[in-house]
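A.B. asks: Okay, here's the prediction I keep looking at, along with the sequence it came from:
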Amino acid sequence: MVVGGSKKSSSAAKGKPKGAGPVKPKFKTAKMNAKRDNPAMRAAKRRQQKQQLANLPPEEAKERRREEKAASHQP
């Protein structure tokens, strides 16, 4: 004798119809992925960061650069 209600499949629990295939990413997610993979966007971001450093006082800019370098070399 089985105690409890009806058994549901795991795909029904995720809230997508059965056999719907892979979940399509939302537009915002797709846009973020495109920005990350686009070399022009990466270059623009780098230029923007450089400009922000130029607006800081020299001592603070040096310190920030050192921190960013240290952070980029960590695994």
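C.D. replies: Structure's in. What do you need? Numbers count the residues shown, from 1 in each chain.

A.B. asks: What is the three-state secondary structure of P22?
C.D. replies: coil (DSSP: H, G, I helix; E, B strand; the rest coil).

A.B. asks: pLDDT below threshold where in this structure?
C.D. replies: 1-21, 73-75 (pLDDT under 70).

A.B. asks: Quickly find the element holding the closest residue to L56 other than its chain neighbours.
C.D. replies: Sequence neighbours aside, R64 is the residue nearest to L56 in space, at 6.7 Å (criterion: C-beta to C-beta, 6 or more residues apart in numbering). Bear in mind the C-beta positions are built from the backbone N, C-alpha and C, glycine included. R64 is located in helix 58-72, with elements delineated by DSSP states H and E.

A.B. asks: packing partners for that helix?
C.D. replies: Packing contacts for helix 58-72, counted by 3 or more C-beta pairs under 8 Å, 6 or more residues apart in numbering; DSSP states H and E, involve helix 39-55.

A.B. asks: Need the residues that contact the helix it packs on.
C.D. replies: For helix 39-55, contacts defined as C-beta atoms under 8 Å, 6 or more residues apart in numbering pick out A34, K35, R36, A61, R64, R65.

A.B. asks: What is the nearest of those residues to P25?
C.D. replies: A34 (10.6 Å; C-beta to C-beta).

A.B. asks: okay if I get the contacts of helix 39-55 as CSV plus neighbour count?
C.D. replies: Converted to CSV, those look like this (neighbours: other C-beta atoms under 10 Å):
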residue, neighbour count
A34, 10
K35, 13
R36, 10
A61, 15
R64, 14
R65, 14
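
A.B. asks: Dump these to JSON lines, plus distance to S72.
C.D. replies: Putting the contacts of helix 39-55 into JSON lines (distance: C-beta to C-beta, whole Å) gives the following:
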{"residue": "A34", "distance to S72": "22"}
{"residue": "K35", "distance to S72": "19"}
{"residue": "R36", "distance to S72": "15"}
{"residue": "A61", "distance to S72": "16"}
{"residue": "R64", "distance to S72": "13"}
{"residue": "R65", "distance to S72": "11"}
